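>>> Turn this into a model:
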Amino acid sequence: MKYVGEREFCFDQSELGFPSISGCHAIVYVTANGLFGYHNYGGQTPDRWPGMSAAFGNFVHGNVNGGGAGKLIYGVCYATTNRSYPGIAKATWLAELAAFGTAVGFTGPIWGYDLAVSGIPPSAYVTFFHTQGTCVIQVRKWVDHEDTLGPNASPTDHKTTAPASPVYKINNVANVVVSVGATALKTVYPDKLR
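Numbers count the residues shown, from 1 in each chain. Purely as a prediction, here's the structure:
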């Protein structure tokens, strides 16, 4: 399992956890080889998507596991509240996820869960468990400072990007979240956006 911090890219065969999703977006690309994730901190406006999604595409295609067939894309955020999308929130939410899909050459199904309907006040902890080409998504309330940092044990599969536009470079990250609290999670069910 890997924990995907703000502006981080991760690959894991079975599980990704996203600490502190409030105004951010937990984006997961499911492939035959596992899960690719990006914790999109900010970046809710269309002018930011080309650089961010291109960096995500470069991370996926540059990873030894990046050649697996794409299955679907998930996005989990407070889409109709904290994400502050311009225009119609649901349409903009889908457009953001579609931009990430385009960057990895994926035109298949996109699913999303709006944390605004979860009953969990911002912020949330979100996990994705890979199971037979899809995911079980679980959430709970996030508690600040419940995460523990440690050395990045998988530097090839865990990177970061600097907040620079229009080109976002992929960088190594020395320390990452290595554990979070053990509060019980609840399973949620996403809606098909495309």
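>>> shaky segments in this protein?
Filtered on pLDDT under 70, the chain yields the residue ranges 164-165.
>>> At which residues are the helices of it located?
Listed in chain order, the helices of the chain (DSSP state H) span residues 49-62, 89-103.
>>> Quick check: end-to-end length of stretch 156-175?
One end of stretch 156-175 sits 13 Å from the other (Cα to Cα, to the nearest Å).
>>> roughly how far out does it sit from the chain middle?
What separates the centre of stretch 156-175 from the centre of its chain is 14 Å, taken as Cα atoms, centre = their mean, to the nearest Å.
>>> Show me which positions of it end up buried.
Residues of stretch 156-175 classed as buried: 157-161, 168, 173 (neighbour count, 16 or more other Cβ atoms under 10 Å). No exception for glycine: its C-beta is placed from N, CA and C like everyone else's.
>>> One more: stretch 142-160?
By neighbour count on 16+ other Cβ under 10 Å, the buried set for stretch 142-160 is 142, 147, 152, 157-160.
>>> circling back to that earlier point, is it possible to get CSV of the helices of the chain that adds mean neighbour count?
Output for the helices of the chain, formatted as CSV (neighbours: other Cβ atoms under 10 Å):
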stretch, mean neighbour count
helix 49-62, 20
helix 89-103, 20
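>>> got these as JSON lines, with distance to residue 39 columns?
Shown next, in JSON lines, are the helices of the chain (distance: least, Cβ to Cβ, whole Å):
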{"stretch": "helix 49-62", "distance to residue 39": "11"}
{"stretch": "helix 89-103", "distance to residue 39": "12"}
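>>> out of the ones you listed, nearest to residue 71?
Residue 71 lies closest, by Cβ to Cβ, to one member of those: helix 89-103, at 11.6 Å.
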